[in-house]
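In: Got a predicted structure plus its sequence, pasted below:
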Amino acid sequence: MKAQTLNKRQAEKVADKQIKIQKEIDKIEKKQKKKEPTKAMQAGAREYPEPPLSKQHLKKPGLEKDLSIKPMYDAPFYKGSEKLQDMVAIITGGDSGIGRAVAVLFAREGADIAIVYLNEHEDAEETKSMVEKEGRNCLLIPGDVSDKEFCKTAVQQTIDEFGKLDILVNNAAFQLHVSKFEDLSEEHFDLTLKTNLYGYFYMAKAAIPVMEYGSAIINTGSVTGLMGNKNLLDYSLTKGGIHAFTRSLGTHLIEKGIRVNAVAPGPVWTPLNPADKQKEDVAKFGEDTPMKRPAQPEEIAPAYVFLASPQCSSYITGEILPIIGGYSGG
């Protein structure tokens, strides 16, 4: 009985401690609620736009030139150091957004670039001019990456122009939200898979035979492939597939000396999302991340340089690098 009494007393003491700590935290949280809402995190070399953003809904496939708030892609504070000197890269979806920023930084690091894009000719010409300003050459190749023969042609045109291929960046994507599962048509589902999965597969299939030992493939995944998205069922499925493809292909190509990695961005201010979301949702884009804003393309592109460069990532393959503006504990 004595032991039982002591145990009860000890339990009461622990409960009292819990109540005391709870009261202290309650007081602190009441004070915190009265404070102004936390502002977006600005930890970059320059300040980036934060919500509310412009209320725009772009027509597919979405042109960067039509955005009233222009994506920041030129990374003026990023200094090149020949990490990709005299290498050749194909970047699909390289006309705008992340692809454009990657093209600029690859060129700044010494690479010549082939841009594969759908029909955004004005955006592609702007990207080409930015690559040439960096002192490198740029080849524009319009076409559909879901077409196997086109992918073969794009690789061959790159070889004909530059004599080799060292880096493949699979980045082209189709994204369109659907609020109700029953509204996701087979045509819509098929187009997403053909662009996002078959496009990566066909480009890799065409590129690998001509890539030398030491080459690199970088796939653009997504936070949706890690965490899902209730309104992007098909897109999330493809991005999860891209992550698995990256892991598997990375192991498969070790004997050939070709590294394969993926970058998985969170919300990024590119034409992709204003061409997907309605105006009101575009204005709030990125505010639900812990950093409370979307990334700008120039904040994502250095990761591609890192994964492409043999000086930086020679022991890295099959990895998925999330860049999502922080994790929330829920």
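Out: Received it, and whenever you're ready, just let me know what you need. From a predicted model like this one, the values you see are computed outputs, not experimental measurements. Residues are numbered from 1 along each chain as shown.
In: Now do the contacts for residue 268.
Out: Shown in contact with residue 268 (C-beta atoms under 8 Å, 6 or more residues apart in numbering): 97, 98, 294, 295, 296, 297, 299, 300. To be clear about C-beta, it is placed using only N, CA and C from the backbone, and glycine gets the same treatment.
In: what's the answer for residue 244, then?
Out: With contacts defined as C-beta under 8 Å, 6+ apart, residue 244 has no neighbours.
In: Within the helices and strands, which one has it?
Out: helix 233-252 (DSSP states H and E).
In: do the same with residue 169
Out: strand 167-170.
In: Pull up the pairing partners for that strand, direction included.
Out: Strand 167-170 sits in its sheet next to strand 88-92 (parallel), strand 216-220 (parallel), going by DSSP bridges.
In: can you put the ones you listed in a markdown table and add mean pLDDT and distance to residue 309?
Out: Formatted as a markdown table, the strands paired with strand 167-170 follow (pLDDT from 0 to 100; distance: least, C-beta to C-beta, whole Å):
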| stretch | mean pLDDT | distance to residue 309 |
| --- | --- | --- |
| strand 88-92 | 99 | 11 |
| strand 216-220 | 98 | 8 |
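In: so of the contacts of residue 268, which ones are in helices?
Out: Judged by DSSP state H, helices contain the following of the contacts of residue 268: 97, 98, 297, 299, 300.
In: out of those, which one sits closest to residue 186?
Out: Nearest to residue 186 among those, counting by C-beta to C-beta, is residue 97 at 27.6 Å.
In: nearest spatial neighbour of the closest one, skipping sequence neighbours?
Out: Spatially, and ignoring its direct neighbours in sequence, residue 97 is nearest to residue 270 (3.0 Å; C-beta to C-beta, 6 or more residues apart in numbering).
In: Tell me how far that neighbour lies from residue 102.
Out: In this view, residue 270 and residue 102 are 12 Å apart by C-beta to C-beta, to the nearest Å.
In: what do you get for residue 213?
Out: Using C-beta to C-beta, residue 213 is found at 23 Å from residue 102.
In: of those two, who's got more company?
Out: Neighbour totals were compared for residue 213 and residue 102, and residue 102 leads with 32 against 8 (other C-beta atoms under 10 Å).
In: what about the more buried one, which SS state?
Out: helix (DSSP: H, G, I helix; E, B strand; the rest coil).
In: Show the contacting residues for the nearest residue to residue 238 once chain neighbours are set aside.
Out: The shortest distance from residue 238 to any non-neighbouring residue, by C-beta to C-beta, 6+ apart, is to residue 196 (3.7 Å). Residues in contact with residue 196 (C-beta under 8 Å, 6+ apart) are 173, 174, 235, 238, 239, 241, 242.
In: Of the strands paired with strand 167-170, which is nearest residue 53?
Out: Using C-beta to C-beta, these put strand 216-220 closest to residue 53, at 21.7 Å.
In: per-residue confidence for residue 284?
Out: Per-residue confidence at residue 284 stands at 77 (pLDDT).
In: Let me know the distance separating it from residue 67.
Out: Distance from residue 284 to residue 67, by C-beta to C-beta: 16 Å.
In: out of those two, which sits in the more crowded spot?
Out: More crowded of residue 284 and residue 67, by other C-beta under 10 Å: residue 67, with 21 against 13.
In: wait, isn't that one in contact with residue 271?
Out: Yes: counting by C-beta atoms under 8 Å, residue 67 touches residue 271, with 6.3 Å between them.
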